[in-house]
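Enquirer: My questions concern the predicted model and sequence given below.
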Amino acid sequence: MIVLGLSGGTKRPEDDDVEHEHWHDAAAVLMQDGEILAAIEEERLNRLKHTNCFPVQAIRYCLDSSGVSWNDLDVIAKAAEEKRLLVDAQVNALMDSRLPVPQNATEFMNSVFQREFGADVRQKLRFCDHHDAHLWSAFVPSGFDQALVVSIDGFGDDRSGAICIGSGNVLKTLREYTIPQSLGVLYTNVIRLIGYSEFDEYKAMGLAPCGDPSTFKSLFDAGYRLLPEGSYHVDPLPLWVYRFQQAGLIPKARRRSEPFSQMHKDLAAGLQSTLEEIAMHVIRHFHEQTGLRSLCIAGGVAHNCTLNGKILQSGLFDRVFVQPAAHDAGTALGAAYSTFAGKSSTARPMTHVYLGPQISETDAAREQLNAWSEVISFEFHQDIAAETARLLADDRVVGWVQGRSEFGPRALGNRSILADPRPAENKNRINMMVKKREQFRPFAPAVVEEKAHEFFDIPPTSADLSFMTYVINVKPSQAPRLAAITHVDGTARIQTVSRHTNPRFWNLLNEFGKLTGMPVLLNTSFNNDAEPIVDSIDDAIACFLTTEIEVLVVENYVISKRTHSKPESFLPLTVRLAANVRLVKGTDGERTIHKIESTKAAGPRRPEVELSPQLFSVLLGSQSHITLDELMTAQAACDDETRRGLLHELMLLWAKRLVHVRPCQTARVVLAAA
């Protein structure tokens, strides 16, 4: 049986009201008889972080890469409760008189497929409740015969969590949690006091070890109660705000981009401690009630690696599995798995997430690199692991792009930025030169699995540490030697690397170990602060050219920047607006203002930048087949000094991913013909 699983919304990026869709993290997964053939988040392809659009590009990739046609599909499983999906569609139709009012969810979803693919799929459509999808995504790929299965997140389909027993291909519900009990919503609400908002939860988790959880313990303790039978009560938000106000904290709340005070750090610590106490109360109760010694977890809260580490070290379970795509993108996987409910299945344990697009073979990669030859140079190396290890040992920061991209929010060695984990200054260095983020934020270590125990305190509980989903302790004797990846509390978010599942990355770690005595590297996602993780060669080059990454390695090619300091080098390239921006011309008193602004980010932030009138004119005429040189000549006649200023202004927009700069398509046609 061939199954396509989906998560996300139903609109296009260009739809005016797409930002109002509550869905996020759209994705598609293709599965045949329980084996995952392909899986990718839509954001990797449409380049919109946490995109809430219909995953049209992700679907197309899954089908095309696997040679599957619409006729081949047996089931299309949408991660959404059927009734809830219909209500959302009807509300949208009532708000927009141009849309027909759908009468059932199947007809509505079929109309979306008709719109995008011209395919009639009404006989193939199935629906899976949000938390059921999370639960299936955790249990089936764990490989466990029987387990306690937990889903905890913000909310979805009128629940914030659920507890089940998984046995065979059956899930038996033990408890459901309401939206007022949402631990995800609580976490998101409280982090607003420290200048964060939705999708920033992981940043607060990283800040927590810098604070003292006892400082505000009484304040947090007043906001919830642990109840019998694994239940709990969380006070509504106004009561939390009232208590924070009474404690004098609201006037001291941090605004975005302001420095962190010790109070903000202590708030993060208190919040993290509260989350751990409530979650452990729930898990401990159902462990005792069921006697089960295996645990599976999914839902957005399962990305709290510190909590996962506490579970691992609690000794409650013999085996733990955390779905590596625990957020809403993973519901596409769970919806696909749900089609096997109550049936015999040949589903295999999830041992890796290298399920996205494959980087081109050597000749095709060379062709793509050649298209950028005005701004990069490159060399082929037969032993790329040894050459890259030498560069890393020489303290170079390397972008590393190999094989198929990872499904989920972690770069696990195929779309990574790598560095020497030993010098403490490498953490601040990469935070400043690439990520443009807070200095407290930790980086993760990747280590060959055979030697992980030499550097880290591996808990006795059996768990797959290859997905970067657990925070564990660095051995005290090794922490000074691994200063760039050891957090302030002596922990690290470990990734073990198997020679079997990722031989190329394992070889690199091994070669680095030969040179340094430490088969460990600092590994962080290959992206800057304005974009999703890179997927294609073009994405990687764009990030390389707009950050201070020193070397790019794609397959067997080592790539350097050519005259990157001169903006005029980019004149042979083309520019186009990103999918989520628009150009705006207005007035401020007597002054005319030209702006480029983000309109469709799936989150609270809408970046905008004021433009010069000349660049505004250039961007109005941008087309993918016209070079910047031609465009500037046609749209904004100017002297050389003004042109250089415009190019510098354009590079700043590119760094923010408000525009995309790419090689001219006609140049690629010529290269292909040659």
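Expert: That came through fine. Worth saying up front: this structure is predicted, and the values here are computed from it rather than measured.
Enquirer: only C-alpha atoms for contact and neighbour calcs from this point on.
Expert: Will do.
Enquirer: Flag the shaky bits of the stretch 551-674 of the chain, pLDDT-wise.
Expert: Scanning the stretch 551-674 of the chain with the threshold set as pLDDT under 70 gives 563-565, 600-606, 623-624, 635-638, 665-674.
Enquirer: ok, now the chain?
Expert: Along the chain, the parts satisfying pLDDT under 70 run over 16-21, 563-565, 600-606, 623-624, 635-638, 665-674.
Enquirer: What residues sit buried inside the longest helix anywhere in it?
Expert: Secondary structure of the chain per DSSP state H: the longest helix is helix 262-290. Neighbour counts using 16 or more other Cα atoms under 10 Å place 263-276, 278-284, 286-287 of helix 262-290 among the buried residues.
Enquirer: cool, stretch 463-478 as well?
Expert: So, applying 16+ other Cα under 10 Å, buried residues of stretch 463-478: 463-475.
Enquirer: so how far does it reach from one end to the other?
Expert: 22 Å (Cα to Cα, to the nearest Å).
Enquirer: can you check stretch 289-299 too?
Expert: 22 Å.
Enquirer: Please apply the same query to stretch 633-645.
Expert: 14 Å.
Enquirer: before we move on, what about stretch 2-11?
Expert: This stretch, stretch 2-11, spans 25 Å end to end (Cα to Cα).
Enquirer: contacts for that stretch?
Expert: Applying Cα atoms under 8 Å, 6 or more residues apart in numbering, the contact partners of stretch 2-11 are 18, 21-33, 51-55, 72-80, 109, 112, 328-336.
Enquirer: Of the residues you listed, which belong to helices?
Expert: Using DSSP H, the contacts of stretch 2-11 in helices are M109, V112, G330, T331, A332, L333, G334, A335, A336.
Enquirer: what's the spacing between the first one and L620?
Expert: Using Cα to Cα, one gets 35 Å for the distance from M109 to L620.
Enquirer: How far does stretch 591-608 stretch from one end to the other?
Expert: Terminal residues of stretch 591-608 lie 18 Å apart, using Cα to Cα.
Enquirer: Touching, V56 and V112? I think so.
Expert: No - using Cα atoms under 8 Å, V56 is not in contact with V112; the gap is 9.8 Å.
Enquirer: re earlier: ok, of the ones in helices among the contacts of stretch 2-11, which one's closest to K310?
Expert: G330 (22.6 Å; Cα to Cα).
Enquirer: Confirm for me that the closest one is in contact with P141.
Expert: No - when contacts are counted by Cα under 8 Å, G330 is not listed as touching P141 (11.5 Å).
Enquirer: intersection of neighbour lists for those two?
Expert: With Cα under 8 Å, 6+ apart as the test, G330 and P141 reach no residue in common.
Enquirer: which of those two has more neighbours?
Expert: For G330 versus P141, the count of surrounding residues by other Cα atoms under 10 Å is larger for G330: 35 against 22.
Enquirer: ok, now which ones touch the more buried one?
Expert: Contacts of G330 (Cα under 8 Å, 6+ apart): S7, A27, A133, H134, S137, Q323, G408.
Enquirer: Using a markdown table, lay out those together with secondary structure and distance to I533.
Expert: Below are those laid out as a markdown table (DSSP: H, G, I helix; E, B strand; the rest coil; distance: Cα to Cα, whole Å):
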| residue | secondary structure | distance to I533 |
| --- | --- | --- |
| S7 | strand | 19 |
| A27 | strand | 14 |
| A133 | helix | 24 |
| H134 | helix | 23 |
| S137 | helix | 22 |
| Q323 | coil | 19 |
| G408 | coil | 10 |
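Enquirer: Any chance of a markdown table for those, columns neighbour count?
Expert: Shown next, in a markdown table, are these (neighbours: other Cα atoms under 10 Å):
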| residue | neighbour count |
| --- | --- |
| S7 | 32 |
| A27 | 34 |
| A133 | 31 |
| H134 | 36 |
| S137 | 31 |
| Q323 | 27 |
| G408 | 26 |
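Enquirer: ok, so of those residues, who is nearest D88?
Expert: Closest to D88 out of the contacts of G330 is S7 (14.8 Å), distances taken as Cα to Cα.
Enquirer: Could you chop this structure up by domain?
Expert: Residue ranges for the domains of the chain, per automatic domain parsing: 2-80+82-128, 132-328, 357-561, 572-673.
Enquirer: can you tell which of these is closest to K343?
Expert: With Cα to Cα as the yardstick, what comes closest out of the domains of the chain is domain 132-328 (6.4 Å).
Enquirer: From the opening residue of the closest one to its closing one, how far?
Expert: Separation of the first and last residues of domain 132-328 by Cα to Cα is 12 Å.
Enquirer: And for stretch 436-446?
Expert: Using Cα to Cα, the two ends of stretch 436-446 sit 22 Å apart.
Enquirer: Show me which positions of it end up buried.
Expert: R437, F440, R441, P442, F443, A444, P445, A446.
Enquirer: farthest-separated two in the residues you listed?
Expert: Pairwise distances across the buried residues of stretch 436-446 (Cα to Cα) peak at 21.1 Å, for the pair R437 and A446.
Enquirer: re earlier: now that we have the buried residues of stretch 436-446, can you turn them into a markdown table and tack on secondary structure?
Expert: A markdown table is the format used below for the buried residues of stretch 436-446 (DSSP: H, G, I helix; E, B strand; the rest coil):
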| residue | secondary structure |
| --- | --- |
| R437 | coil |
| F440 | coil |
| R441 | coil |
| P442 | coil |
| F443 | coil |
| A444 | strand |
| P445 | strand |
| A446 | strand |
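Enquirer: Adding distance to V170, write the residues you listed out as a markdown table.
Expert: Below are the buried residues of stretch 436-446 laid out as a markdown table (distance: Cα to Cα, whole Å):
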| residue | distance to V170 |
| --- | --- |
| R437 | 44 |
| F440 | 43 |
| R441 | 40 |
| P442 | 39 |
| F443 | 38 |
| A444 | 36 |
| P445 | 37 |
| A446 | 35 |
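Enquirer: how far does the longest strand belonging to the chain sit from the chain's center?
Expert: If you go by DSSP state E, the chain has its longest strand at strand 146-156. Here strand 146-156 is found 20 Å from its chain centre; the criterion is Cα atoms, centre = their mean, to the nearest Å.
Enquirer: Contacts made by stretch 137-145 with the rest, please.
Expert: 147, 149, 166-169, 294, 296-298, 321-323, 326, 330-331, 333-335, 337, 347-350.
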